[in-house]
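[1] Quick check, what structure comes out for this input:
(one chain, ligands or ions: 1)
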Amino acid sequence: MKAVKAFIQKHQLLKKGSTVLVGVSGGPDSMALLHYLVSIGKDWELELVALTVDHQLRGDESAADADYVESRCQDWGIRCERASVDVKSYKKERGIGTQTAARELRYRFFQKQMELYKADYLALGHHGDDQAETMLMQFTRSADPSAVAGIPAKRPFACGHIIRPFLAIDREMIESYCRTESIIPRLDPSNEDTGYTRNYFRKLVIPLLKEKNPNIHVTMQNMSERMQENASFLREAAEERLLKFLELDKKNASASFPSSVFQACPIALQRQMYQLILNYLYKKQPDQLSYLHETEFFKLLEGNRSNALLDFPNGLQVKKSYDRISLSFNKKEGDQSFEFRLEVPGRVQLPNGAFIEAFLSDQAVQDTYSFSLQVTSAMLPFTIRNRRAGDRMNWQGLNGSRKLKDLFIDEKIPREKRDCWPVITDASGRILWLPGLRKAVMPAEGEGNMVCLKYID
Ligand SMILES: Nc1ncnc2c1ncn2[C@@H]1O[C@H](COP(=O)(O)OP(=O)(O)OP(=O)(O)O)[C@@H](O)[C@H]1O
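    Residues are numbered from 1 along each chain as shown. The predicted model follows:
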């Protein structure tokens, strides 16, 4: 464990007298980590607490893992906090994968415990082979060096830091430590399945690399550290440069800058600035955002068209207008939900700029954009609003009523127009008119006054 000791010192992973929470699944890595921290706990005057999460995913097995952790903690005289989380419901609610759901719930619990204990560190059992696997996996997916840089040895988390002292050693060393210290960890059978991408790298790729370099985990850990250092240097430089010319409106999630100034920077900085701008605008970068978007962005900058437009995921638009590049979220008209009261006589302007007018008239006018109907006082006031889920309407020739959603589909109304199409209702909420599309069936000679509704574009 000399390598771990040196690693802790090099990266200042611990300080004397600190409170260290340890994520322990019951597997070899985290059991060895807990044991190791206990063994150095006296010298470092550490307050240790084990955290174990039962994801309730492998029947009784996952509860048995947590039982096992609890009982080892008792043997070693360590406090243990345990949580059971309902991964299945959480993943259904959010529409995410099992591993992501388990991870989110686990880290939520870790965060809460960090705050409860006012802890300095959360120690996790990732080791050098995990690092190599992660980097190789990223390597097959991404051309971004900062993404390939892998797992950091120390990073801020909750009120303290996450630390990974075992990045200095590989799986074999951990297994040998377990044997020497008579630790009999719990084994997760899913770790054997080469169907999972990580296991594919673990079982097939890493052993091949180790044939050429048995210390590949050390080489890759060093590479990871250098890449992280380079990435953080570049990020700081890009931030500093952007400050000088980027106009950023965080409230409206929009940004703009002069293309010529941007392009005068070295290309490495330009790429980093592009990433930073997207980070500023997206709360979380969408999965669909790819290398292709970056390529398109740079093509737009370099191209000789004076006006051009790119559509990025989640409605982000990149516009070029001469030397100005601006990025902003395209507010779909449907995002502006509206509801107006329409007096008779009266006139209302819609978010799309058109008007709807209501006035008393002696003459019935019926065309695509006018609707005359007999109106009683009980029908007033009218409301103009956009559609709502479950809206239904009846019209001439229809037996019963039909959902507006289906009507829009039948009429091939583009999706982005459906949510801003004006819907005019009477005081009871009955839908009277969809300008340009349908009119409700009204009694031929009803009571009340003749009112004409007009849509003026
Ligand atoms: N259910 C859990 N409860 C508490 N900590 C966990 C749990 N699962 C993972 N961790 C922590 O996260 C680290 C990395 O988890 P990961 O799933 O990548 O590895 P692992 O194969 O589960 O490691 P181990 O050999 O410790 O089981 C673990 O070493 C441990 O510190």
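
[2] State the pLDDT value of D129.
    Note for D129: predicted pLDDT of 95.

[3] my guess is it meets L209, correct?
    No. D129 is not in contact with L209 according to CB atoms under 8 Å; the separation is 10.1 Å. Any C-beta I mention is one placed from the backbone N, CA and C, and that applies to glycine too.

[4] In this protein, spot the helix with the most residues.
    Ranked by residue count under DSSP state H, the longest helix found in the chain is helix 216-245.

[5] Contacts for the helix or strand following that helix next, please.
    Using DSSP states H and E, the next helix or strand after helix 216-245 towards the C-terminus is strand 247-249. Residues outside strand 247-249 that contact it (CB atoms under 8 Å, 6 or more residues apart in numbering): S254, A255, S256, F257, Y280.

[6] Once you drop chain neighbours, what's closest to the first one?
    The shortest distance from S254 to any non-neighbouring residue, by CB to CB, 6 or more residues apart in numbering, is to S328 (3.6 Å).

[7] mind listing what the one you found touches?
    N252, A253, S254, A255, L316, Q317, K319.

[8] Wasn't it part of a strand?
    Yes. Counting by DSSP: H, G, I helix; E, B strand; the rest coil, S328 is located in a strand.

[9] residue contacts, V261?
    F245.

[10] got the angle between whichever strand or helix holds F139 and helix 216-245?
    Take DSSP H and E as the rule and F139 turns out to sit in helix 128-141. In terms of direction (axes from the mean of the first three to the mean of the last three CA atoms, to 10 degrees), helix 128-141 departs from helix 216-245 by 50 degrees.

[11] which residues touch helix 128-141?
    If you take CB under 8 Å, 6+ apart as the criterion, helix 128-141 is touched by 29, 147-151, 166-171, 197-198, 201-202, 205-206, 209, 216-218, 220-221, 223-224.

[12] show me which of those residues neighbour the ligand.
    When contact is defined as CB under 6 Å from any ligand atom, the contacts of helix 128-141 meet the ligand at D29.

[13] Can you flag which of the contacts of helix 128-141 belong to strands?
    Cross-referencing those against strands under DSSP state E gives no overlap.

[14] could you flag which of the contacts of helix 128-141 are buried?
    29, 148-151, 166-171, 198, 201-202, 206, 209, 216-218, 220-221, 223-224 (16 or more other CB atoms under 10 Å).

[15] Okay, strands next: where are they in the stretch 351-457 of the chain?
    Taking DSSP state E, counting those that start in this stretch, the strands of the stretch 351-457 of the chain run over residues 355-360, 366-367, 370-375, 382-385, 392-393, 402-403, 423-425, 431-434, 438-439, 449-456.

[16] What is the fourth one packed up against?
    Under the contact criterion of 3 or more CB pairs under 8 Å, 6 or more residues apart in numbering; DSSP states H and E, strand 382-385 touches strand 339-342, strand 423-425.

[17] Near the ligand, which residues of the stretch 101-250 of the chain? Just list them.
    Counting by CB under 6 Å from any ligand atom, the stretch 101-250 of the chain sits next to the ligand at R106, L124, G125, H126.

[18] Mean pLDDT per helix and strand in this protein: which one sits at the bottom?
    helix 415-418 (a mean of 78; mean pLDDT, DSSP states H and E).

[19] and that helix, C-alpha only, in CSV?
    Coordinates of each C-alpha in helix 415-418 appear next as CSV, following Å, rounded to 0.1, in the frame of the first residue of the first chain:
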residue,chain,number,x,y,z
ARG,A,415,-46.6,20.8,-34.2
GLU,A,416,-45.1,24.2,-33.4
LYS,A,417,-48.3,26.0,-34.6
ARG,A,418,-50.7,23.8,-32.6
